[in-house]
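[1] Curious how this folds, go ahead:
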Amino acid sequence: MSAREDVLARIAAAHAGTPQPDLAYEAVERRYRTTSELDAATLTERLVDRLLDYKALVRHCTPDELPATIAAAVAGRGARSLVVPAGLEEDWLGALPEEVVVHVDGREAATQLSVAALDGLDGVLSSCAVAVAETGTLVLDGTAGQGRRVVSLIPDYHLCVVLPGQVVADVPQLVSRLDLTRPTTMISGPSATSDIELNRVEGVHGPRTLEVVVVHAD
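    Residues are numbered from 1 along each chain as shown. Here you go, the predicted model:
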């Protein structure tokens with residue numbers, strides 16, 4: 001038995017020996033807010049406010065303008081190489097200049113890029129599953145167009161697209177929208193941390209630059 005299995009076995013044994021709670025989990029009363037009366041425009045405005053406060057970059061467009069907006073963002077960054085997760089909408093890449101090399105990170109191990117390869121690319125373009133207005137959080141759950149967690153954490157620049165209908169008010173609504181048994185990445189602004197003297201350091205555990213394209217319904 002490994003050390004990990006030993007620790008987990010001890011925890012399971014200790015848990016089994018404790019008295020059962022008087023109130024079943026399903027019967028626990030939950031009074032926190034699970035719905036919102038805010039309309040889509042207000043939610044999007046709040047999301048953008050939070051993103052800007054986190055020092056993320058934000059662009060706005062309609063669905064028809066999305067390929068050109070992505071191309072403008074990539075050009076503004078000066079990126080010449082991008083990784084995109086398998087399943088990303090091909091139309092999104094239609095306006096990229098010919099000199100931008102796009103690498104696809106596949107679903108199978110044989111078609112996935114190494115950490116070293118990802119580190120050598122200028123950025124990553126992805127979609128997201130949900131965006132939380134109250135916290136300014138983008139959530140990726142590894143489905144088509146979002147890819148493995150490492151894909152969004154290694155490149156120094158992350159360009160993320162938020163589509164109409166993906167913005168929710170708060171965390172309870174986020175939880176109700178996702179299967180949280182999947183590997184989930186929650187991004188609130190560019191990667192940053194600070195020490196006890198409040199010296200801010202960016203890019204410690206993810207991209208230094210986060211740029212978000214917010215797509216508005218026509």
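
[2] Tell me, please, the helix or strand in the chain that averages the lowest pLDDT.
    strand 200-202 (a mean of 78; mean pLDDT, DSSP states H and E).

[3] per-residue confidence averaged over the following helix or strand past that strand?
    Using DSSP states H and E, the next helix or strand after strand 200-202 towards the C-terminus is strand 209-215. Mean pLDDT, computed over strand 209-215, is 97.

[4] elements contacting strand 209-215?
    Here strand 209-215 touches helix 40-53, strand 57-61, helix 66-77, strand 157-162, going by 3 or more Cβ pairs under 8 Å, 6 or more residues apart in numbering; DSSP states H and E. C-beta coordinates here come from the backbone N, C-alpha and C atoms, glycine included.

[5] one step back: work out the gap between the least confident helix or strand of the chain and the centre of the chain.
    20 Å (Cα atoms, centre = their mean, to the nearest Å).

[6] next one: stretch 40-55
    Distance, centroid of stretch 40-55 to centroid of chain: 15 Å (Cα atoms, centre = their mean).

[7] who touches that stretch?
    Residues outside stretch 40-55 that contact it (Cβ atoms under 8 Å, 6 or more residues apart in numbering) are 36, 38, 58, 131-136, 162, 164-165, 167-169, 188-190, 192, 210, 212, 214, 216-217.

[8] How much space separates residue 206 from residue 70?
    Distance, residue 206 to residue 70, by Cβ to Cβ, to the nearest Å: 20 Å.

[9] again with residue 19
    57 Å.

[10] How are the strands of the chain distributed by residue range?
    Under the criterion DSSP state E, the chain contains strands at 57-61, 81-85, 101-105, 123-127, 130-132, 137-140, 157-162, 167-168, 185-187, 192-194, 200-202, 209-215.

[11] Please consider this matter closed, and thank you.
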